[in-house]
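J.: What shape does this take:
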Amino acid sequence: MAAFPWHARSRNYTSEFESCRLEPVSVEFGDYHPLKPITVTESKTKKMGRKGSTSSTSSSSSSSMMDPLSSVLDGTDPLSLFAATSDPVITAVNMDSTRKKRDKDDSLAVGSDFEPWSSKRGEILARYTTTEKLSINLYTSSEKGKTSTPGSAVSEKVRTRLEELDDLEEGSQKELLNLTQQDYMNRIEDLNQSLKDAWASDQKVKALKIVIQCSKLLSDTTVIQFYPSKFVLITDILDTFDNFTPESVNDTAKETCLNWFFKIASIRELISRLYVEAAILKCNKFLSKTGISECLPRLTSMIRGIGDPLVAIYARAYLCRVGMEVAPHLKESLNKNVFDFLLTFKQIHGDTVQNQLVVQCVEIPLYLTLYSPAIDWILQCIAYRAPEVLLTEMMERCRKLGNNALLLNSVMSAFRAEFIAARSMDFIGMIKECDESGFPKHLLFRSLGLNLGLADPPECDRLQILNEAWKVITKLKNPQDYINCAEVWVEYTCRHFTKREVNTVLADVIKHMTPDRAFEDAYPQLQSIIQKVITHFHDFSVLFSVEKFLPFLDMFQKECVRVEVCKCIMEAFIKHQQEATKDPVILNALLHVCKTMHDSVNALTLEDEKRTLASLINGFIKMVSFGRDFEQQLSFYVEARSMFCNLEPVLVQLIHSVNQLAMETRKVMKGNHSRKTAAFVRACVAFCFITIPSLTSIFARLNLYLNSGQVALANQCLSQADAFFKAAVSLVPEVPKMINIDGKMRPSEPFLLEFLCNFFSTLLIVPDHPEQGVLFLVRGLLNVIQDYTWEDNSDDKVRIYSNVLHLLSAMTQETYIYHIDKVDSNDTLYGGDSKFLAEINKLCETVIAQILEHLKILGQEETLKRQSQLALYFFNSILAHGDLRNNKLNQLSVNLWNLAQKHGFADTKTMVKTLDYIKRQSKQPEMSHFIELALRLPLQSRT
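T.: Down below sits the predicted model:
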């Protein structure tokens, strides 16, 4: 193949920059501009003719521009037209009635601030469990129903269904014994599904029988500690039954509804009758407007007939729950339920209940906790948007009752936190008066603490409240009881007191939880304590000066928990630390925390977890600054490197930080290094050179070699810069064909191409070494590129050669396009020496030969589309950097142009734009030879 000598065109970069600048265009104040404020146009519309056609007149104070949307609508705003054609009187009346109805609905509805029953369901099922065997009576239908003919009347069908209800007692019953709790729950779920299936298949009577049978189960207290969970499971079935009832019915259905209520009223068992009627309470509105308001007091009175106080309180809870759903405004029935319960409260401590507990071997404290979910719910319904007068009356009634710890706990759980906090000392007085043998006092103090975590007590009482509470808490012998209370009161202490009080509390926790390694059973509570402390102490110098904080962390001896705690601390530090710090207390503590996170990494650690830990450690490293004490800063980075060597992202961050430190030193010295600062930046460069090889990611190493070499060059460390660039060149052959990117294997060539282009940009300003040959780095890199095994279907090698041609063309210029301050590049060192230019031209010839050889191969392999694209790419390179006054180069460019179009794969638009560019450039005086070139470049159609 004939050789094509390269002649780079000489560039005047200054004039090129000036020609590329946009011409300034003055915008007068009154002209239209898209960023000017939008002008609101007032439109007046009036009716014209019978068809309601409209004409619109608009006035604008600042702009006469036509709105494109208005022009599409012929000047008519459809909303304005609709408003104009409607009757204003009717519209006003409708809006007023709608507003009144909405206001009324808002007053009746329960808002989002009311905690629903569904949020309590899971907690109850998890808390009230049993290992004892359970039993259940299942109803089996006797299948006596008559098959109705299609022609039978509706009334006949209704009569048949009502008669079937009489067969409830005649159906066979099957008692299942010795069921585990899970078996019992599965049977209940089966009943729920049977109810759905029965209703879906229009077997309404069977559905009602299932509901009645399930309701009977709520009278059974043989396994009393499971009763709250049983209540939840059975009421789920009642809820399913309630969901089947319609929102509105016709007159015939109202008669059926009344008959159903009559049949429900004939159920002999009180509890079944009560629950079934309460489940469909909303259906009373079909019978009369006052149906619900009349039914609620009657059902409330019926509950007085239930002898077992536990069964009765849960029946009241269900009635209150239904009442809040269908008629939350009827507060009287809610109040009546509470007052009735208070009147019968002494039953809980009566002989009947005591005898039952003896039979079942249940202690009174455990028995009393069974009441909590029901009483809490009833009081929550009472307290919702209730006036303080009512809440105060409730509190006083509870005070007058004996053995009232259970009620007191429910009051503190259900009433508003602000109400409780304002009367904290009163509640502490009532807690002191409670009998310890019944409901444990530490649970009462825990409930009080939960309220004080949400609302603040009077400032004058805060210390006394803490002292009174902690006197009781610190005397607890059971570690689990102690930590449950301490966890709650730590937040109160952090909110209102200083580090001294917090330190005392933490010391007390350590004292109680260390013996017998009790902390191992209380990791969730201990984590919660740490979370609360760091939430309230944003100043980490204060936090770490708390003497017992780090000893508290030592209790987390289970590694996974310890790491989670450390992550919480680091997240809080990164979030709240506003300024960089050099506080030795903070640094030592957080280095310990980060070291704990780092040491948890092993071969089984997931990549996501590694990334999370590295991100937190990097956040800490970025927040450390010793100001102008650069040597201390470098010492910190050296120590961090030794501590976090297993996390590659941390090492990468350290390298970037050290490079930044070197550049800050250069900035302080304004580029004129003293002997001391020159030695310091060399130490920074040495840190990077030593650290980079320890990385596993090859592209991380390549980019860091390049970045660190640029930093070394900027600080006049020429030999060190050469070492970085040599290392990068020697690493290129090791680049694999495929690399892992976010868990997926990707081809590496696009990343290699990007890196090499950046590398070429840097090599332009790197001066030659006096003991090495001319352009020794460029030659070495070209040899590596030549020997690298490229993909067969890839043209990246030719694109790289084209970029090398751009680099060599820039090197031939008298003055380079950019420089590094106080570093002499080859334009200064060689001064345009002819031998230097000859060496460059030789390299260019070699590169061009390689490109043309590749184009020839593409033609042989019939990969013509790739050949067309590369020919045009190379043509553009010659156009931008070559001197086309040279005949051979001019002819080469014409040949490439024709080759790009030869087989019809060239993009016609691109070719036309390229030719237009050449014609525009030919108008410049120094580009007049482009006129002849344009005439020699024909455009061929694809046909």
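J.: tell me the mean pLDDT over whichever helix or strand residue 448 is part of?
T.: Here residue 448, judged by DSSP states H and E, is contained in helix 441-452. Taken as a whole, helix 441-452 has an average pLDDT of 91.
J.: mind listing what's buried in stretch 651-663?
T.: 651-659, 661-663 (16 or more other Cβ atoms under 10 Å). Heads up, the C-betas are built off the backbone N, CA and C, glycines and all.
J.: re earlier: which residues sit against the helix holding residue 448?
T.: 405, 408-409, 412-413, 417, 420-421, 424, 427-428, 431, 434, 465, 469, 472-473, 476, 481-482, 484-485, 488-489, 491-492 (Cβ atoms under 8 Å, 6 or more residues apart in numbering).
J.: got it, and stretch 750-766?
T.: Contacts for stretch 750-766 (Cβ under 8 Å, 6+ apart): 699, 702-703, 706, 709-710, 713, 721-722, 725, 728, 732, 735, 739, 777-778, 781, 785, 796, 799-800, 803-804, 806-807, 810-811, 816-820, 823, 825.
J.: Any quick PyMOL command for the buried ones out of those residues?
T.: The buried residues among the contacts of stretch 750-766 can be selected in PyMOL (16+ other Cβ under 10 Å) with this line:
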select buried, resi 699+702+703+706+709+710+713+721+722+725+728+732+735+739+777+778+781+785+796+799+800+803+804+806+807+810+811+816+820+823+825
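J.: In strands, which of the contacts of stretch 750-766 fall?
T.: With DSSP state E as the criterion, strands contain residue 739 from among the contacts of stretch 750-766.
J.: quick one, helices of the stretch 301-450 of the chain?
T.: 309-326, 331-343, 351-360, 364-369, 372-383, 388-400, 405-414, 417-422, 424-433, 441-452 (DSSP state H, counting those that start in this stretch).
J.: Give me the mean pLDDT for the first one.
T.: Read that as helix 309-326. 89.
J.: Same question for stretch 493-508.
T.: 94.
J.: Contacts only, for residue 714.
T.: Per Cβ under 8 Å, 6+ apart, neighbours of residue 714: 663, 666, 820-821, 823.
J.: before we move on, what about residue 503?
T.: Contacts of residue 503 (Cβ under 8 Å, 6+ apart): 546-549.
J.: ok, for residue 912, nearest residue in space, not its chain neighbours?
T.: residue 939 (6.7 Å; Cβ to Cβ, 6 or more residues apart in numbering).
J.: Where does the prediction get shaky in this structure?
T.: The model of the chain has pLDDT under 70 over residues 1-3, 25-109, 137-177, 244-256, 260, 284-291, 402-403, 436-438, 861, 941-943.
J.: For stretch 812-830, measure first residue to last.
T.: Its start and end residues considered, stretch 812-830 measures 10 Å (Cα to Cα, to the nearest Å).
J.: And the contacts of it?
T.: The contact list for stretch 812-830 (Cβ under 8 Å, 6+ apart) reads 8, 10-11, 13, 671-672, 713-714, 716, 718, 764-768, 775, 810-811, 832, 836-837, 840-841.
J.: Likewise for stretch 8-24?
T.: With Cβ under 8 Å, 6+ apart, stretch 8-24 has contacts from 808-810, 812-815, 817, 844, 881-884.
J.: Please spell out the PyMOL selection for the buried subset of those residues.
T.: A single PyMOL command selects the buried members of the contacts of stretch 8-24 (16+ other Cβ under 10 Å):
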select buried, resi 808+809+810+812+813+844+881+882+883+884
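J.: Appreciated, that's everything.
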